[in-house]
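Visitor: Here is a sequence with its predicted model. Questions after.
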Amino acid sequence: MFTGKIEHTAIVTAVEADALRVQIDPSAPLVEGGAVCLDGVRMTMQSVAPGELVATVTDETRRRTTLDRVAAGARLHFELPVAAGDRIDGHLVQGHVEGVGKVLRVDDEPAGRRVWIKPADRLLARLVAKSSVAVNGVSLTVAEVLKDRFTVVLVPNTLRRTTLGDLAVGDRVNVESDLVTRMAREGHGPELLRAVARLPWTGHLSGEAGVQKVVAQLAAGGGVVVWDPALEGEGDVVFAAERFRPEAMTFLLTQVCGHTTIPCAAEVLQRLEVPPMPGGGDRQGTAMHVPVDLASSPGTGVSAADRAATIRRLAAPDAVPSDFLRPGHVFPLAARPGLLAERKGHTEATVALCVAAGLAPVGVCCEVMRPDGVMAQAAELEQFAMRWELPMIDVDDLVRWLS
Ligand SMILES: O=C(CO)[C@H](O)[C@H](O)COP(=O)(O)O
């Protein structure tokens, strides 16, 4: 058993038919016949000498790990087994590599480097965000699990002490999931999924558990990101109107930067006598209505506090037509009666989410726009969601689980 806390690297001096000859720190206490972990792969030491060891490489090892292509001169993470009483400054790594993953993307961030890795699907199912994973034998935390990939964030110390700092797009890495997570997942699948669904979450989600998290976040007054790749090719931040605070309006105006609109169930707008905008509707069929302000607002209706008050009033069951001035600065949209079963737009997604959260069928949505004015796409939305600690979901998942 190893811990994934890497203190040394070994240099490959020769690749033989069934063995790997490596040079290591001469002070390393090697034991002939003992175990060694090289780049996350547990092997047996065939022979040892001060500063050198020869590790057996079987065909099975070559088939399942990156050692199939290792060459003289390569640097490999080197770790000897943990001894009882040692500090386990990582997690329990067995050195049983489950598969090879491919680096898809590497992003430098203010406090580290995010690496996106695509493993085999069967391996992805064994990874859980915020649990551990060994990548080339280095103990790391899974930052998030997306549809076909997972991410890890390499802190400066890891970048300095391991070879993971050299990883580039297209590189292959050895991946071993966390033993404890694996056992829990395999032994208690449904219970584990239910428990995971209750945890707070950040980043791109999918499936029923993902939708449940998004609904829970909305019910608690938080924002969620809804990505619509097909109709608009835009991602909106969505809130429930009933829980909407001035701080959230400020966030939409200063960080999200799109056009804030208020998707409502059509009957709400009929009851409040808010008419449709004249004309034939916009190109995506978004049902824009005449903008309104709260008549009793102390200001012009533009401030974050004024707009949030107007939005909350639109969601109030006792609101009446005379509560609003027309035109104003808050832009309602009417959802189709069949919601997502009828149209896969942000308007319908927002109202469907509010209904699923047990709230009034009125919400707030605003497109995420990049600082250069271009609408954010999937990868940028994922980063945005992680930066602001928001869950993100595809509109298709909402169609599947909320229709
Ligand atoms: O305000 C909008 C259109 O002007 C937004 O794009 C908003 O996302 C709602 O649009 P849709 O229901 O068409 O996705």
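Guide: Right, received. Where do you want to start?

Visitor: the bottom helix or strand of the chain by mean pLDDT?
Guide: In the chain, the helix or strand scored least confidently by mean pLDDT, DSSP states H and E is helix 189-198, which has a mean of 56.

Visitor: So what's the residue count around the residue in the stretch 1-150 of the chain that the ligand sits nearest to?
Guide: Closest contact between the stretch 1-150 of the chain and the ligand, by C-beta to the nearest ligand atom, is at Lys147 (21.6 Å). Every C-beta, even on glycine, is put in place using the N, C-alpha and C of the backbone. Neighbour count for Lys147, taken as other C-beta atoms under 10 Å: 12.

Visitor: Leaving out the residues flanking it, which one is nearest to the closest residue to the ligand within the stretch 301-403 of the chain?
Guide: With C-beta to the nearest ligand atom, the shortest gap between the stretch 301-403 of the chain and the ligand falls at Gly345, namely 2.7 Å. Leaving out its chain neighbours, the residue that sits closest to Gly345 by C-beta to C-beta, 6 or more residues apart in numbering is Leu231, at 5.7 Å.

Visitor: quick one: secondary structure of that neighbour?
Guide: Using DSSP: H, G, I helix; E, B strand; the rest coil, the structure places Leu231 in coil.

Visitor: contacting residues for it?
Guide: Counting by C-beta atoms under 8 Å, 6 or more residues apart in numbering, Leu231 makes contact with Gln284, Lys344, Gly345, Val395.

Visitor: How about Val22?
Guide: Residues counted as contacts of Val22 (C-beta under 8 Å, 6+ apart) are Ala10, Ile11, Val12, Thr13, Leu38, Glu52, Leu53, Val54, Ala55, Leu76, Phe78.

Visitor: secondary structure class for it?
Guide: Going by three-state DSSP: Val22 is strand.

Visitor: so what's it bridging to?
Guide: Beta bridges link Val22 to Val12, Leu53, judged by DSSP bridges.

Visitor: Kindly report the same for Cys37.
Guide: Arg42, Glu79.

Visitor: Next, count neighbours for it.
Guide: 27.

Visitor: quick one: contacts of stretch 373-389?
Guide: So stretch 373-389 is in contact with 105, 107, 143-144, 146, 202-204, 223, 225, 227, 229, 233-235, 251, 255, 258, 367-370, 390-392, going by C-beta under 8 Å, 6+ apart.

Visitor: so Gln23 touches Ala10, yeah?
Guide: Yes - the pair Gln23 and Ala10 passes the contact test of C-beta atoms under 8 Å, sitting 6.5 Å apart.

Visitor: Looking only at neighbour counts, state which of these two leads.
Guide: A direct count of neighbours by other C-beta under 10 Å for Gln23 and Ala10 places Ala10 higher, at 24 against 15.

Visitor: number of nearby residues for the nearest residue to Leu253 once chain neighbours are set aside?
Guide: Once flanking residues are discounted, Leu253 sits nearest to Ala304: 6.7 Å by C-beta to C-beta, 6+ apart. Ala304: 17 surrounding residues under other C-beta under 10 Å.

Visitor: for Ala304, what are its contacts?
Guide: Ala304 sits in contact with Pro246, Glu247, Met249, Thr250, Leu253, where contact means C-beta under 8 Å, 6+ apart.

Visitor: where does the protein dip in pLDDT?
Guide: Along the chain, segments meeting pLDDT under 70 span 84, 185-201, 281.

Visitor: tell me which residues of the top helix by length along it are tucked away?
Guide: Longest helix of the chain, by residue count under DSSP state H: helix 207-219. Buried residues in helix 207-219, defined by neighbour count with 16 or more other C-beta atoms under 10 Å: Ala209, Gly210, Val211, Gln212, Lys213, Val214, Val215, Ala216, Gln217, Leu218, Ala219.

Visitor: Can you convert the residues you listed into JSON lines and add a column each for distance to Ala125?
Guide: Shown next, in JSON lines, are the buried residues of helix 207-219 (distance: C-beta to C-beta, whole Å):
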{"residue": "Ala209", "distance to Ala125": "13"}
{"residue": "Gly210", "distance to Ala125": "14"}
{"residue": "Val211", "distance to Ala125": "18"}
{"residue": "Gln212", "distance to Ala125": "18"}
{"residue": "Lys213", "distance to Ala125": "18"}
{"residue": "Val214", "distance to Ala125": "21"}
{"residue": "Val215", "distance to Ala125": "23"}
{"residue": "Ala216", "distance to Ala125": "23"}
{"residue": "Gln217", "distance to Ala125": "24"}
{"residue": "Leu218", "distance to Ala125": "27"}
{"residue": "Ala219", "distance to Ala125": "28"}
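
Visitor: what's the closest of those residues to Gly33?
Guide: Checking these against Gly33 with C-beta to C-beta, the nearest one is Ala209 at 45.8 Å.

Visitor: Pro371: which element?
Guide: Using DSSP states H and E, Pro371 is not contained in any helix or strand.

Visitor: what residues are up against it?
Guide: Pro371 neighbours (C-beta under 8 Å, 6+ apart): Cys257.

Visitor: roughly how far apart are it and Val320?
Guide: Per C-beta to C-beta, to the nearest Å, Pro371 is found 41 Å from Val320.

Visitor: rewinding a little: ok now the longest helix of the chain, how far from the chain's centre?
Guide: Mean-position distance between helix 207-219 and its chain equals 14 Å (C-alpha atoms, centre = their mean, to the nearest Å).
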